[in-house]
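[1] Prediction below, plus the sequence it came from.
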Amino acid sequence: MNPIRHIDLFSGIGGFSIAVEAVWPNSEHIFCEIDPYCQALLKKRFERSVIFDDIRKFTADTYWNRLQESRPELKTDGDRQFFKVVTDSANTRTKRMCEGENPTSKIDLLTGGFPCQPFSTAGKRKGTTDDRYLWPEMLRVIQEFEPTWVVAENVRGLLTIESGMVFEQVLTDLEGKGYEVQPLIIPACAINAPHRRDRVWIIAKHTKGKFGDLCGYRSREEAEDSRLGKSNQYEDRKNTSDTQSWESRESSKSQGWENFSGRNWETNWLEVATRFCGVDDGLSARVDGLELSKSRHRIERLKGLGNAIVPQVAIELFKAIMMS
């Protein structure tokens, strides 16, 4: 498969990029991650990639400047075909990609699990008033780079915060930037992970992308009716399942685990877990007299895993994108 150019926002421990590599090996990754531990991990795993820290400071210009540092042949102004400046109706300057000019101008995929703490039921659910609400910054980056595809991920609580208005705003924002949008709810157990972990996945395709429309051109109203219909289906299923009695759910859960077999797991789950967790794989800290780190970065690793996406879910989405 041909490699792609991928912007990975809120990269964490690199779950999205691991999935990209599984589908498009040797791709170029542009990371944006503020956590020092995650940055060190990304540098170790993706040695040829560039990492930016604060998304508030990540712009088309900062990327171009970093690109010039790593590629001397792009030093002259004549080589800068990366962006063109246009003036919109509000007379504000925005930078957009020069389609088909310099190869550096093409961003195939932008991914991001924008911070979920403002929407998670495990937190205070402050929503848009939380200082960690960074969707507007992610949208700004999308507007500047105009990637062909956008894949965003968040907790299920995104659907209900502020009576669903935040979720609706995210979809409307993407449509307003020229994307056809489809939200999905996919749990980790959909790929046979031994836990549920419901997540909202938002797939967006630029309607003027190089490869045309995913399903042919549809008006914004048609796209909105479609996605709202799908979302209502998910909520109907959720409401139906919520009417089950506690006893019924507990009985079903117990029976499910009773019949659980390791054969239901994807064969590489243990491999993935040990690669992420290091010595948390059950090995003794002392092996043949060799002292291993017992708890170094343990908190950071657990935090990173808790914030991470499930790469196997993203892999299935990327396979569908590749085949579209």
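    The structure has been received and is ready for your questions.

[2] for the stretch 201-324 of the chain, which spans come out with low pLDDT?
    Within the stretch 201-324 of the chain, the stretches with pLDDT under 70 are 209-296.

[3] Who are the contact partners of residue 197?
    187, 188, 189, 310 (Cβ atoms under 8 Å, 6 or more residues apart in numbering). Glycine gets a C-beta too; all of them are placed from N, C-alpha and C.

[4] nearest residue to residue 22 other than its sequence neighbours?
    residue 315 (5.1 Å; Cβ to Cβ, 6 or more residues apart in numbering).

[5] name the helices or strands packed onto the helix or strand the one you found falls within?
    Element membership for residue 315 (DSSP states H and E) is helix 311-323. Counting contacts by 3 or more Cβ pairs under 8 Å, 6 or more residues apart in numbering; DSSP states H and E, helix 311-323 packs against helix 15-23, strand 109-112, strand 149-155, strand 198-206.

[6] Can you name the next helix or strand after the shortest one?
    Downstream of strand 109-112, the first helix or strand assigned by DSSP H and E is helix 135-145.

[7] Pull out the buried residues from that following helix.
    135, 137, 138, 139, 140, 141, 142, 143, 144, 145 (16 or more other Cβ atoms under 10 Å).

[8] now for that helix, which elements pack on it?
    In this structure, helix 135-145 makes packing contacts with strand 5-9, strand 93-97, strand 109-112, helix 165-176, judged by 3+ Cβ pairs under 8 Å, 6+ apart.

[9] For those, which has the smallest mean pLDDT value?
    Mean pLDDT values for those show the minimum at strand 93-97, a mean of 38.

[10] and residue 155, how many neighbours?
    20 (other Cβ atoms under 10 Å).

[11] Please apply the same query to the one 3 residues further on.
    Burial of residue 158 is recorded as 24 neighbouring residues (other Cβ under 10 Å).

[12] and what of residue 187?
    There are 15 residues near residue 187, going by other Cβ under 10 Å.

[13] Repeat that for the one 3 residues further on.
    By the other Cβ under 10 Å criterion, the neighbourhood of residue 190 contains 16 residues.

[14] quick one, what contacts it?
    So residue 190 contacts residue 313 (Cβ under 8 Å, 6+ apart).

[15] Okay, it and residue 299: tell me how far apart.
    Distance, residue 190 to residue 299, by Cβ to Cβ, to the nearest Å: 29 Å.

[16] domains for the chain, by residue range?
    Domain assignment for the chain by automatic domain parsing gives 5-243+305-323, 246-293.

[17] circling back: got a winner among the contacts of residue 197 for most neighbours?
    Neighbour max across the contacts of residue 197 (other Cβ under 10 Å) = residue 310, 21 neighbours.

[18] check contacts around the nearest residue to it once chain neighbours are set aside.
    Excluding the flanking residues, the one nearest residue 310 by Cβ to Cβ, 6+ apart is residue 188, at 4.6 Å. By Cβ under 8 Å, 6+ apart, the contact set of residue 188 is 195, 196, 197, 199, 310, 313.

[19] ok, residue 62 touching residue 52?
    Yes: counting by Cβ atoms under 8 Å, residue 62 sits close enough to residue 52 to count as a contact (6.6 Å).
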